[in-house]
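# this one's structure only:
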């Protein structure tokens, strides 16, 4: 009997709870938002929602820390990929810069060729004297291109030297920095004549300049046209320091060559027009 | 110590954890729902009335915190808790598989009820894909049921000792 009563009580409680829930649920479905928590619900939420918000923020913080932790691995992989990409692009940029610089140099050579009354043959440096860097170099033009011994060699910046050996396909150029080289020059402003000699070094030496000549550092030297090798008016270099010794009849000077003799790549060999 | 107070605290704590943390982890459309295994465990250990009461309280709390209509989870968990309690004396409580199996069945029942309630009340609960989601939910809940069952059992033992 008691079992039966207990079972009935159990069913009754269940039905009451179900009824309560159904009433609650039906009241929800009648509202516009399908939700009406009432005063009790609002009171409970007033207490619980801040706690839940704090827990969510805590989870967000942990999630962000974890994301940063795992991001390190991803960033490493991406970094390696981007580095490889940057290396490739750098190589490409270097190649393009090289091509642009070469094009610029060649354009200046063409301009120079138009200025002088000579037939110019463009040449490329294909070798240097390894023992004396600033003395001689080999170019890729020879007698088949019309080159001859003593042909002047210039760049848009200034005089480089002259051809001293000619083969059918290549020639050797003696630079003005070589100790064997001597070029007749004029001080551009004062028109005083002198000779620029090489010394096997980067700088040149100006000799045989009259003591009366009024020269100073910065003066430009151009070829005099005397001597039969270089045409008149080509830039040779600029005076760096002037040396006037007591009692000497002549004065000397140190000269910086106009052409960058250590970084020559394309040259113009001047040949007399026929 | 008052049993109702202890279970209220437990349900609030678990409800907050569920809403704030567990709801973030979705597996095959299912989210760990610890309130359901708790209702099942209380039903088995304490009887149908207790299971129904805990299920209803936990479900309503879940509805309150989730922002949905009040009563949807309350009704389903009430039925599951009560149904679990009906087997109170006919099953072997010490069986280690009991919590998982009972939770699995209870979860499936809960999912079916959710779909039915949704259809009847027009609450717009999605029934498409409900079956695979129900099984995923049942597996997830079953996985944590043994731990929750052990926890509830320990609480019951301590309450009994305190008396």
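Here it is on my side, so go on. Keep in mind that what you see is a predicted model, and the values were worked out from it rather than measured.
# name the helices or strands packed onto the helix or strand harbouring residue A:100?
According to DSSP states H and E, residue A:100 maps onto helix A:38-115. Applying 3 or more CB pairs under 8 Å, 6 or more residues apart in numbering or on different chains; DSSP states H and E, one finds that helix A:38-115 contacts strand A:118-128, strand A:266-272, helix B:3-20, helix B:48-66. Placement of C-beta: from N, CA and C, glycine included.
# now do 6 Å
Helices and strands touching helix A:38-115, by 3 or more CB pairs under 6 Å, 6 or more residues apart in numbering or on different chains; DSSP states H and E, are strand A:266-272, helix B:3-20.
# The closest residue to chain B within the stretch 101-250 of chain A: neighbour count?
Relative to chain B, the nearest point of the stretch 101-250 of chain A is residue A:101 (58.6 Å; CB to the nearest CB). Residues near residue A:101, counting by other CB atoms under 10 Å in any protein chain shown, number 11.
# Also the one 4 residues further on?
Using other CB under 10 Å, residue A:105 has 18 neighbouring residues.
# In this structure it contacts residue A:266, no?
Yes - at 5.0 Å, residue A:105 and residue A:266 qualify as touching, with contact defined as CB atoms under 6 Å.
# Residue ranges in chain B under the pLDDT threshold?
Of all residues in chain B, those with pLDDT under 70 make up the ranges B:1, B:89, B:92-93, B:123-128.
# Let me see the contact set for the spatially most central residue of it.
The centroid of chain B falls nearest to residue B:36 when counting by CA atoms, centre = their mean (1.0 Å). The neighbours of residue B:36, taking CB atoms under 6 Å, 6 or more residues apart in numbering or on different chains as the test, are B:107, B:110, B:141.
# Kindly recompute the last result at 7 Å.
Contact analysis of residue B:36 by CB atoms under 7 Å, 6 or more residues apart in numbering or on different chains lists B:77, B:80, B:103, B:106-107, B:110, B:141.
# Residue B:130 now?
B:111, B:115.
# try it again with 10 Å
The contact partners of residue B:130, by CB atoms under 10 Å, 6 or more residues apart in numbering or on different chains, come to B:29, B:111-112, B:114-115, B:118, B:137.
# quick one: which of the helices and strands packed on helix A:38-115 is nearest residue A:161?
strand A:266-272 (9.1 Å; CB to CB).
# So, low pLDDT: which residues of chain A?
A:1, A:32-33, A:130-134, A:274.
# what about residue B:149, how many residues close to it?
By other CB under 10 Å, the burial measure for residue B:149, its neighbour count, is 24.
# for chain B, what spans make up the strands?
B:26-27, B:30-31 (DSSP state E).
# So which of these is the most surrounded?
Stretch with highest mean neighbour count among these: strand B:30-31 (a mean of 18; mean count of other CB atoms under 10 Å in any protein chain shown).
# Sheet-wise, list the partners of it with their directions.
Here strand B:30-31 has these sheet partners by DSSP bridges: strand B:26-27 (antiparallel).
# any idea how far the partner strand is from the chain center?
Distance of strand B:26-27 from its chain centroid, counting by CA atoms, centre = their mean, to the nearest Å, is 18 Å.
# thinking again about what came up before, who's in contact with the residue of the stretch 101-250 of chain A closest to chain B?
By CB under 10 Å, 6+ apart, the contact set of residue A:101 is residue A:265.
# Let's verify residue A:252: helix, strand, or coil?
strand (DSSP: H, G, I helix; E, B strand; the rest coil).
# I'd assumed residue A:210 was in contact with it.
No - the pair residue A:252 / residue A:210 is not scored as a contact, 11.3 Å apart, by CB atoms under 10 Å.
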